[in-house]
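Asks: Let's see this in three dimensions:
(one chain, ligands or ions: 1)
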Amino acid sequence: MTSSTSPVTLLGAGISGAACARVLRDAGIPFVVRNRGRAVGGRMSSPEVHGRRVDLGAGYFTVRDDGFRDVVADWASRGLVHEWTDTFTVLAKGKAPEQKPGPMRWGSPGGLRSLVKDLLADIDIDATEADALPAGHVVVAMPDPQASRLVEVPDPVDYDPVIAVALGLSADDARRLPFDDAAFVSDDADIEFLARDGARRGDGAPVIVAHTTSARARRHLEDPAGAVPTVVDAVAALTGIGAPEWTHTHRWTFAKPSGAHDRSHGIVESEDRLIGFAGDQWCPEGSPRVESAWRSGTDLGRALVDRLS
Ligand SMILES: Cc1cc2nc3c(=O)[nH]c(=O)nc-3n(C[C@H](O)[C@H](O)[C@H](O)COP(=O)(O)OP(=O)(O)OC[C@H]3O[C@@H](n4cnc5c(N)ncnc54)[C@H](O)[C@@H]3O)c2cc1C
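Replies: Numbers count the residues shown, from 1 in each chain. Prediction:
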């Protein structure tokens, strides 16, 4: 058996990997974190676009999980997150906008990536992509299609793509939008969600982010910018605004799991080592999101601590 004190290699610095790293660190289990690219956060992505950060992946998070609630309370006490809204609008072409109450959605003034950075604040990141499974105990904290390039994943879950398009608006157009915070778009072939990035981030910037349907995204995976004219037309038809001043596109080939594992994490014992799996697809309650990815990484970390301590 690989020594329990040899470092665990943790692949993936999204929120599931970050949550797992925190548990290992608190238990004194040695580990190293490797992430593809220097920017941690994965699908909680907040790059700088036209001079300010824009949330181009997850648009907000919810807090139903008691453990996650404690983490969020700590973030809130330090001003890293705030309650955004519990009411979204529903938009459909040719119909009046409707208000739809739901759970409280939370946003982050620094962008959602800042929360993963906070979890990993005192942890070094090796910014190299793994192209094979490293030796020793390994945590694979990423979508199953990415994990499957490295290792056989038990009952892998497929993912659907999304193309996110940020649109910089004139102040006039921003005022004319028929929703205050965000809108679910119903019965549209091209877009399914619109959010005011300035509202969720709290700076009021006239920037919205549109998420395409997976069907539209699939047609543009090779050339995501090719989706922009269709998205701009769809936004105009739904909201009545004119052409944006600028656009910025991001392709998420593996945006959302189309199914879910029936456990919060996986562990496979392979010859002399443990291979752990975490991510938003490890979501027995069937609603993959930021908080379930955090839960998955946390549960995997605790299970590894039990096995390795
Ligand atoms: C467009 C979009 C909208 C969303 N909206 C919401 C929302 O509103 N609310 C919500 O709660 N959730 C939302 N989500 C889902 C949420 O973002 C995810 O559930 C969560 O961020 C998943 O975290 P993760 O750690 O499981 O995976 P990821 O964030 O995907 O992290 C995986 C990490 O692994 C790295 N990696 C991949 N391959 C390798 C390799 N070979 N070597 C090293 N590193 C590797 C990646 O670079 C990445 O950093 C949205 C997602 C998308 C894409």
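Asks: On the pLDDT front, check residue 249 for me.
Replies: On pLDDT, residue 249 comes in at 98.
Asks: Over to residue 5?
Replies: Listed pLDDT for residue 5 reads 63.
Asks: Point out the other helices and strands that the helix or strand harbouring residue 297 packs with.
Replies: Using DSSP states H and E, residue 297 sits within helix 290-308. Counting contacts by 3 or more Cβ pairs under 8 Å, 6 or more residues apart in numbering; DSSP states H and E, helix 290-308 is packed against helix 15-27, helix 66-77, strand 138-141, strand 266-270, strand 273-278. All C-beta atoms are positioned from the backbone trio N, CA, C, and that covers glycine.
Asks: Single out the most deeply packed of the ones you listed.
Replies: Of all those, strand 138-141 carries the top mean neighbour count, a mean of 28, counting by mean count of other Cβ atoms under 10 Å.
Asks: That one pairs with which strands?
Replies: Each strand paired with strand 138-141, and its direction, by DSSP bridges: strand 8-11 (parallel), strand 273-278 (parallel).
Asks: just to revisit the earlier point, show me how far the helix holding residue 297 is from its chain's centre.
Replies: Computed by Cα atoms, centre = their mean, to the nearest Å, the chain-centroid distance of helix 290-308 equals 17 Å.
Asks: That helix and the ligand, any residue contact?
Replies: Yes: for helix 290-308, a contact with the ligand is found by Cβ under 6 Å from any ligand atom, at 290, 293.
Asks: Of all the helices and strands packed on helix 290-308, which one comes closest to residue 211?
Replies: helix 15-27 (18.7 Å; Cβ to Cβ).
Asks: Tell me which other helices or strands that closest one touches.
Replies: Against helix 15-27 (3+ Cβ pairs under 8 Å, 6+ apart) you get strand 8-11, strand 31-34, helix 113-119, strand 138-141, strand 273-278, helix 290-308.
Asks: Redo those as a markdown table? Include mean pLDDT.
Replies: Supplementary listing: those in a markdown table, determined by pLDDT from 0 to 100:
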| stretch | mean pLDDT |
| --- | --- |
| strand 8-11 | 98 |
| strand 31-34 | 98 |
| helix 113-119 | 98 |
| strand 138-141 | 98 |
| strand 273-278 | 97 |
| helix 290-308 | 97 |
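Asks: ranking the ones you listed by burial, who's on top?
Replies: strand 138-141 (a mean of 28).
Asks: quick one: contacts of it?
Replies: Residues outside strand 138-141 that contact it (Cβ atoms under 8 Å, 6 or more residues apart in numbering) are 8-14, 16-17, 20, 31, 133, 147, 150-151, 153, 273-279, 297, 300, 304.
Asks: With stretch 81-90 instead?
Replies: 60, 72, 75-76, 97-109, 115, 178-186, 199-200, 202.
Asks: let's see 7 Å
Replies: 60, 72, 75-76, 97-109, 115, 178-179, 181-184, 186, 200, 202 (Cβ atoms under 7 Å, 6 or more residues apart in numbering).
Asks: What about those, which are in helices?
Replies: Among the contacts of stretch 81-90, DSSP state H puts 72, 75, 76, 115, 200 in helices.
Asks: Mind putting the helices and strands packed on helix 290-308 into JSON lines with distance to residue 251?
Replies: As requested, these are exported to JSON lines (distance: least, Cβ to Cβ, whole Å):
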{"stretch": "helix 15-27", "distance to residue 251": "20"}
{"stretch": "helix 66-77", "distance to residue 251": "28"}
{"stretch": "strand 138-141", "distance to residue 251": "21"}
{"stretch": "strand 266-270", "distance to residue 251": "27"}
{"stretch": "strand 273-278", "distance to residue 251": "24"}
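Asks: Tell me which of those sits nearest to the ligand.
Replies: Nearest to the ligand among those is helix 15-27 (3.4 Å), distances taken as Cβ to the nearest ligand atom.
Asks: The closest one to helix 66-77, inter-axis angle?
Replies: Interaxial angle of helix 15-27 relative to helix 66-77 (axes from the mean of the first three to the mean of the last three Cα atoms, to 10 degrees): 90 degrees.
Asks: now helix 15-27, how far from the centre of its chain.
Replies: With Cα atoms, centre = their mean, you get 17 Å for helix 15-27.
Asks: Would you mark the buried spots in stretch 244-257?
Replies: 244, 247, 248, 249, 250, 251, 252, 253, 254, 255, 256, 257 (16 or more other Cβ atoms under 10 Å).
Asks: beta partners of the last one?
Replies: Translated: residue 257. residue 159.
Asks: Return stretch 168-175 as CSV; C-alpha atoms alone will do.
Replies: Output of stretch 168-175 as CSV, limited to C-alpha atoms (Å, rounded to 0.1, in the frame of the first residue of the first chain):
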residue,chain,number,x,y,z
GLY,A,168,-21.8,45.5,-22.5
LEU,A,169,-24.8,47.7,-22.8
SER,A,170,-25.4,51.4,-23.0
ALA,A,171,-26.8,52.9,-19.8
ASP,A,172,-30.1,53.5,-21.6
ASP,A,173,-30.4,49.9,-22.7
ALA,A,174,-29.6,48.7,-19.2
ARG,A,175,-32.4,50.8,-17.8
